[in-house]
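>>> Sequence below, structure please.
(2 chains)
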Amino acid sequence: MAEKRFVYADNAATSPLSPKALEAMMPYLQSNYANASQPYSFARAVRKALSQSRKIIAECINASPEEIYFTSGGSESNNWVMNGAIDFGMDIVTSAIEHHSILRPAQYAAENGCNLAYIPVSETGIVELPELYSRIQNPGSLISIMLANNEIGTVQHIAELSQLSHDAKCIFHTDAVQALGHVKVDVQTLGIDMLSGSAHKFNGPKGIGFLYVRKGMKWPAFIKGGSQEFGFRSGTENIAAIVGMATALEENVSSMEDNASVLNEIECKFLYELTIRGIKFHRNGDSRHIPGNISLSFNNYEGEMLLHRLDLKGVMISTGSACDSKETQVSHVLKAIGLSEENAKGTIRISFGHQNSIADAKYIAEAITSIVSPSYSQANNSDYRNNKLRSDIPVIEDVSPIREIEDYRPSKITCVNKPFSMPNGTTVGENIENATDISIPSKGQFYIRTIGCNAEARLISNGKIVILKGSILRVDATPRFDRKKFRQKIIDQYCTLTPDGYLVNEDLPPMSPSGASGLVQARSSNGKRDWLDKEGKPLSTYL
Amino acid sequence: MKKIDADCSICGKPHLDKNAIGINIKLRGEKVKGFFCLDCLAENLGCEVQDILDKIEEFRNEGCKLFE
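Below is the predicted model of the structure:
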């Protein structure tokens, strides 16, 4: 284990304040302290800053400034939405993995006469359309589904969910606290009526957030007694925090792709470092997830224990289970995705931020290894080797250097690979000769490019998919992925582990679109939806 | 909470107190077999004894029954 260092990897809990945001805030903490509501000239600069910040935030989500209402944070925004539903006596439909600032007020609404329905989620935390559809009983209901989950990072198919909600004449709210500044959020494209945001999740200051309410919607005021926020959320504005939030969001949005790229690299390196050390874990969540958000479950280890042990090594992370004075409380999110109690108790969340580095990822992987596999750490520790403190521990030689990946470009299909036998005796890639013949000309190429995987495939005439050489498959499978053995066999036969994921060394045998997308993403998936062409159209368009 | 009477599995220090037992369970897991005194635990975990004492204080403040 390297020398102890401080590694903050709990950015989903809160993120460090951006220096640029701090700089922007300073004048409003010191010299420009006027109350924005006062009519004198001293308050002019403050009013201007307020107005400019509202404009910047609106632009970041493709909204209009008058649709942005400043609040004290995400929890207040969510409570505002739920309180409005109570005032109007609306039905509420929400998912089982929402933040407590949605679930608790929703429960309160139910106790006060509102109909409340929870939507279950898939094992990767996805809200499926039929599940939402079946729970909408009346038009005019409030549908609230978070854009990205805080514990497992799963990003929902918000555009489809909002479309269905609107088709049913319902109002669609999303808690975008974890998503803003990390994934692209466009309220027009996504069809969002209301959206909650919180600054400290995207390197802004704490204690400030906002609620977006689509123009034309009449939503009850949250705090009455003043004219601030168009009379809907009274109270003297915290100008410094508002300016800091706008600066941080603008900064994060403008560097979103670069940040995602860095985080993807860190994430892959971290999982690679764990994997080469032989650490057994499974990853929770979906391949569509917030960059850098990694939920891992370890068998036979308590998440709380891991958290405190990592803390002693200078690593800050979160756990999916926490012990109160009497018993261990397991997260409702981990329960909802169907984790066993043991796995849920052994779950930790590592959420990297763009301030983290590859070295941080390696350090955390080493720290985890030293806890869950001390014999590996000790065997690889030079002190132990040189001083022979533990002669009973076998020395594991350094892992071979990662081979250079010469060519990531997909190969041209000239023939299809040999048949591959599945564990149940059936063969993938049968009718090989036939497939080879009809693959020329092919219908086109399709891609799955989500975090942890970057695959290219060709659709051949019999409706099957051939994953091409150079594709990258996700390393970690979701716990209940039912084709793990099949996947492992393919990986053993055709792939090499690299820091980016499993590199496909030769074109794979043809398989069904869903089989292929499941193989790439290491989870059950709908291949016709997940394989996209160059323009982003799903495979289903062509079949 | 059942009272555990244990000696340090490493140095043999007798009759570990409830804080030592509790922090072993917290930091080494519920299924831990054998307990370490604070000195040996700190050495085993590669940290300072003060780090362990700080953890004990925090758990106690949270109301954890292991440290009552």
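>>> Can you tell me the closest non-neighbouring residue to the residue of the stretch 151-300 of chain A found nearest chain B?
Scanning the stretch 151-300 of chain A for proximity to chain B using Cβ to the nearest Cβ identifies A:Asn300 as nearest, at 7.9 Å. From N, CA and C alone the C-beta is placed, and that goes for glycine too. When the adjacent residues along the chain are set aside, A:Asn300 lies closest to A:Gly346, with 6.9 Å between them (Cβ to Cβ, 6 or more residues apart in numbering or on different chains).
>>> go on, A:Gln178?
Leaving out its chain neighbours, the residue that sits closest to A:Gln178 by Cβ to Cβ, 6+ apart is A:Ala148, at 4.4 Å.
>>> pLDDT score assigned to the one you found?
A:Ala148 is assigned a pLDDT of 98 by the prediction.
>>> if we can go back for a sec, which residues touch the residue of the stretch 151-300 of chain A closest to chain B?
Taking Cβ atoms under 8 Å, 6 or more residues apart in numbering or on different chains as the criterion, A:Asn300 is in contact with A:342, A:346, B:31.
>>> pretty sure A:Tyr447 is in a strand, no?
Yes. Remark: A:Tyr447 belongs to a strand, assigned using DSSP: H, G, I helix; E, B strand; the rest coil.
>>> what's the distance between it and chain B?
Per Cβ to the nearest Cβ, to the nearest Å, A:Tyr447 is found 44 Å from chain B.
>>> wait, that residue sits on A:Lys534?
Yes. Between A:Tyr447 and A:Lys534 a contact is recorded at 7.4 Å, counting by Cβ atoms under 8 Å.
>>> Tell me which of these two has more neighbours.
The neighbour comparison of A:Tyr447 against A:Lys534 (other Cβ atoms under 10 Å in any protein chain shown) goes to A:Tyr447, with 19 against 9.
>>> Tell me the pLDDT of A:Thr328.
A:Thr328 is assigned a pLDDT of 73 by the prediction.
>>> one step back: present the contacts of A:Asn300 as a markdown table; the columns should include neighbour count.
Formatted as a markdown table, these follow (neighbours: other Cβ atoms under 10 Å in any protein chain shown):
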| residue | neighbour count |
| --- | --- |
| A:Glu342 | 15 |
| A:Gly346 | 26 |
| B:Lys31 | 9 |
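>>> List just the nearest of those to A:Thr189.
The shortest approach to A:Thr189 among the contacts of A:Asn300 belongs to A:Gly346, at 38.4 Å (Cβ to Cβ).
>>> Return the residues in contact with the closest one.
Neighbour list for A:Gly346: A:297-303, A:306, A:321 [criterion: Cβ under 8 Å, 6+ apart].
>>> Now restrict those residues to buried residues only.
The neighbour-count criterion (16 or more other Cβ atoms under 10 Å in any protein chain shown) marks A:297-298, A:301-303, A:306, A:321 among the contacts of A:Gly346 as buried.
>>> Now distance to A:Arg277, secondary structure and pLDDT too, for those, in CSV please.
What follows is the buried ones among the contacts of A:Gly346, written out as CSV (distance: Cβ to Cβ, whole Å; DSSP: H, G, I helix; E, B strand; the rest coil; pLDDT from 0 to 100):
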residue, distance to A:Arg277, secondary structure, pLDDT
A:Ser297, 17, strand, 95
A:Phe298, 13, coil, 93
A:Tyr301, 15, coil, 91
A:Glu302, 20, coil, 92
A:Gly303, 19, helix, 94
A:Leu306, 15, helix, 96
A:Ser321, 24, strand, 73
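>>> between these, which is nearest A:Ser471?
Using Cβ to Cβ, A:Ser297 is the member of those that lies nearest A:Ser471, at 26.6 Å.
>>> Tell me how far the closest one lies from A:Asp91.
A:Ser297 sits at a distance of 35 Å from A:Asp91 (criterion: Cβ to Cβ, to the nearest Å).
>>> Quick one: low-confidence residue ranges for the chain.
Let's take chain A. Counting by pLDDT under 70, chain A shows low-confidence ranges at A:1-2, A:324-327, A:375-443, A:461-462, A:478-480.
>>> try chain B instead
In the predicted model, chain B carries pLDDT under 70 at residues B:1-2.
>>> max-length helix in it?
Using DSSP state H to assign secondary structure, the helix with the most residues in chain B is helix B:49-62.
>>> List the buried residues in that one.
Residues of helix B:49-62 classed as buried: B:52, B:55-56, B:59 (neighbour count, 16+ other Cβ under 10 Å).
>>> ok, now stretch B:37-52?
Burial within stretch B:37-52, assessed by neighbour count using 16+ other Cβ under 10 Å, is assigned to B:37-38, B:40-42, B:45, B:47, B:52.
>>> Which two of these have the greatest separation?
The largest distance within the buried residues of stretch B:37-52, taken as Cβ to Cβ, falls between B:Cys37 and B:Cys47 and amounts to 14.3 Å.
>>> in the stretch 401-543 of chain A, which spans are strands?
Ranges of strands within the stretch 401-543 of chain A are A:420-421, A:427-428, A:444-450, A:453-459, A:465-467, A:472-473, A:495-498, A:501-504, based on DSSP state E, counting those that start in this stretch.
>>> winner for burial among those strands?
For these, average neighbour numbers computed from mean count of other Cβ atoms under 10 Å in any protein chain shown are highest in strand A:465-467, which has a mean of 26.
>>> Can you spell out which helices and strands pack onto it?
Identification of packing neighbours for strand A:465-467 by 3 or more Cβ pairs under 8 Å, 6 or more residues apart in numbering or on different chains; DSSP states H and E yields strand A:453-459, helix A:513-521.
>>> Those: which one's closest to chain B?
Nearest of those to chain B, taken as Cβ to the nearest Cβ: helix A:513-521 at 32.8 Å.
>>> The closest one vs strand A:444-450, what angle?
Going by axes from the mean of the first three to the mean of the last three Cα atoms, to 10 degrees, helix A:513-521 is angled at 40 degrees with respect to strand A:444-450.
>>> what's the burial count for residue 32?
Using chain A. Counted with other Cβ under 10 Å, A:Asn32 comes out at 19.
>>> that's the wrong chain, I meant chain B
Residue crowding around B:Val32 was assessed by other Cβ under 10 Å; the count is 15.
>>> I'd assumed B:Asn24 was in contact with it.
Yes. Under the contact definition of Cβ under 8 Å, B:Val32 touches B:Asn24, with a separation of 5.6 Å.
>>> re earlier: need the helices and strands packed on strand A:465-467 in a markdown table (columns: distance to chain B).
Formatted as a markdown table, the entries for these read as follows, by distance: least, Cβ to the nearest Cβ, whole Å:
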| stretch | distance to chain B |
| --- | --- |
| strand A:453-459 | 34 |
| helix A:513-521 | 33 |
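>>> Next, format these as CSV and append distance to A:Val81.
Formatted as CSV, the entries for those read as follows, by distance: least, Cβ to Cβ, whole Å:
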stretch, distance to A:Val81
strand A:453-459, 34
helix A:513-521, 32
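>>> among those, which is nearest A:Ile57?
strand A:453-459 (32.3 Å).
>>> Pick the one among the buried residues of stretch B:37-52 closest to chain A.
Checking these against chain A by Cβ to the nearest Cβ gives B:Cys47 as the nearest, at 4.3 Å.
>>> Against A:Thr94, how distant is that closest one?
The span separating B:Cys47 from A:Thr94 equals 43 Å under the rule Cβ to Cβ.
>>> Which helix or which strand is home to A:Ala240?
In this structure, A:Ala240 is located in helix A:239-254 according to DSSP states H and E.
>>> List the contacts of that helix.
Under Cβ under 8 Å, 6+ apart, the answer for helix A:239-254 is A:17-18, A:20-22, A:24-26, A:28-29, A:32, A:36, A:46, A:49-50, A:52-54, A:56-57, A:59-60, A:70, A:180-182, A:197, A:199, A:202-205, A:207-210, A:259.
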